[in-house]
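In: Okay, sequence plus prediction incoming.
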Amino acid sequence: MDVAIIGAGPAGCRAAQLLAARGARVTLFDSSHPREKPCGGGVTGRALALVADAVQHAGVPVSVIRTARFTDSRGGDSAIVPLDDHGPTAASALLVASRATFDAALLSAAVRAGAIVQPARVTSIDVEAAGVRLETARGTRRADFVIGADGANSLLRRTVAHAFRRDQISIATGFFAHGVTSSEIVIELLADPPGYIWSFPRPDHLAIGICAQADAGVTSGALRARTAAWIRATRVAGPAPLTSYAWPIPSLRVSDLRELVVAGPRWLLLGDAAGLVDPITREGIYFALASGAWAADALGGGAPERTYAARVRDEAIPELARAARLKAGFFRPAFTGLMMRALQQSPAVGAVLADLVAGRQSYATLKWRLLTTLELGLAWRVLRERRRAGLLEQ
Ligand SMILES: Cc1cc2nc3c(=O)[nH]c(=O)nc-3n(C[C@H](O)[C@H](O)[C@H](O)COP(=O)(O)OP(=O)(O)OC[C@H]3O[C@@H](n4cnc5c(N)ncnc54)[C@H](O)[C@@H]3O)c2cc1C
């Protein structure tokens, strides 16, 4: 089978590697490498576990994160939570890497498996009953199947379905602070716009950013100014030179996730192009890698579009939908204030948040784990707040 993959990020590279290893003829289209991607670069242990061979083979430099510092923008409270540190391995909770080196390692693994890279941007796609035709500046290419792993602005998504609406994306913007690193991530919880500012230390720079729903009424410029003010106030980056970035992240609601279309005759959408990002933590690398593997599995059998769509529906959507349901209440001041106090008083609550950061805490059991770890007084207040906010309802 001849497979054209658009986009050599984590999703496209992973699908290319597995398909080529199984004997498919794979062409991977992307003109952007080598490149940095606007991203925290936070790779959870569960994400690294999917590609540990490729990452270790390339010796990708990573920062192993030992602690997460949570701060509350209103009260100035802060709490430090220890994270599992087993060095640069998938047993650690969280590693942070530059996307230039991380994605390059995944691309090399795909090439080693036999995928051909076309360093060209795909400019148009025709999906017909007999096959697929792609245009690039270098000419026309035909294939049996096309995979759209081309990110949040996916051309394949725009061609076969529709672009994400404004209310389906978040705008993430911020700065890379060069020459500074740390083994601590910082997360400042915000009520307005609901979300957080983060500082993720890569081996030789910090990725600092803020994120808000695109229809929240805050401009990208205002968000960036807020991040710049935060950097100055916290001195998290010292006098480091800053370069700015902005990029969309799919952030779907429960109803969007229920109706999500990720596959059709001769095409599949993966990773960000499919909308597979946790709407609270914005973890997307894990879902990009996982969907790459699901696509490769599906193309190995009959009715790949049905098999792939079922896999996404069963393995990604329930968790993403739970996160989408919790999101509205998660950043409410009453809840974050309570969480900050609970974090300061209870190491067990810290362990729950540590697992959430590491992608190990499912939203399905978050409610019960929080309630069973909080002592009685806190649990009572959480329940009261939960009733008020509609939060933690399943
Ligand atoms: C500011 C920010 C912070 C984030 N932080 C984290 C984090 O810490 N941890 C985490 O897990 N996730 C994070 N995410 C989400 C994460 O970056 C994405 O979910 C992830 O990169 C998705 O991988 P992907 O392979 O689907 O797409 P991408 O990584 O976006 O790759 C898409 C590729 O397609 C190429 N492409 C696009 N159009 C074409 C075309 N027409 N022809 C050819 N090639 C094309 C692009 O050049 C790109 O290389 C963050 C996102 C943002 C914006």
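Out: Noted; the coordinates are in hand. All of these numbers come straight from a predicted model, not from anything done at the bench.

In: buried residues in stretch 81-100?
Out: Buried residues in stretch 81-100, counted by 16 or more other CB atoms under 10 Å: 81, 83-85, 88-90, 92-99. From N, CA and C alone the C-beta is placed, and that goes for glycine too.

In: nope, stretch 227-240 is what I meant
Out: Result for stretch 227-240 [16+ other CB under 10 Å]: buried residues Thr227, Trp230, Ile231, Val236, Ala237, Ala240.

In: now the third one: how far from the ligand?
Out: Going from Ile231 to the ligand by CB to the nearest ligand atom, to the nearest Å gives 15 Å.

In: Let's test this: mean pLDDT of the helix or strand hosting that residue, rounded?
Out: Assigned by DSSP states H and E, Ile231 falls within helix 220-234. Averaging pLDDT along helix 220-234 yields 95.

In: which secondary structure elements does it contact?
Out: When contacts are defined as 3 or more CB pairs under 8 Å, 6 or more residues apart in numbering; DSSP states H and E, helix 220-234 packs onto strand 169-178, strand 184-190, strand 195-201, strand 205-213, strand 242-250.

In: If you compare the directions of it and strand 205-213, what angle comes out?
Out: 130 degrees (axes from the mean of the first three to the mean of the last three CA atoms, to 10 degrees).

In: which residues make contact with helix 220-234 from outside it?
Out: By CB atoms under 8 Å, 6 or more residues apart in numbering, the residues outside helix 220-234 that reach it are 171, 173-175, 177, 186, 188, 193, 197, 208-212, 236-237, 242, 244, 246.

In: quick one: secondary structure of the nearest residue to Gly284 once chain neighbours are set aside?
Out: The spatial neighbour of Gly284 that comes closest, neighbours along the chain excluded (CB to CB, 6 or more residues apart in numbering), is Val277 at 3.9 Å. Three-state call for Val277 (DSSP: H, G, I helix; E, B strand; the rest coil): coil.

In: Bridged to the nearest residue to Trp198 once chain neighbours are set aside, which residues?
Out: The shortest distance from Trp198 to any non-neighbouring residue, by CB to CB, 6+ apart, is to Ile187 (5.3 Å). Using DSSP bridges, the beta-bridge partners of Ile187 come out as Phe70, Trp198.

In: Does Ile187 touch Arg69 like I think?
Out: Yes. Between Ile187 and Arg69 there is a contact under CB atoms under 8 Å: 7.1 Å.

In: what's near enough to touch the closest residue to Arg253 other than its chain neighbours?
Out: Setting aside the residues directly before and after it, Arg253 is nearest to Ala324 in space (CB to CB, 6+ apart), at 5.5 Å. Ala324 makes contacts with Leu252, Arg253, Val254, Asp256, Leu257, Pro279, as judged by CB under 8 Å, 6+ apart.

In: Just the element for the fourth one, please.
Out: Secondary structure from DSSP H and E places Asp256 in helix 254-258.

In: which helices and strands does that helix pack with?
Out: Packed against helix 254-258, as judged by 3+ CB pairs under 8 Å, 6+ apart, are the following elements: helix 317-330.
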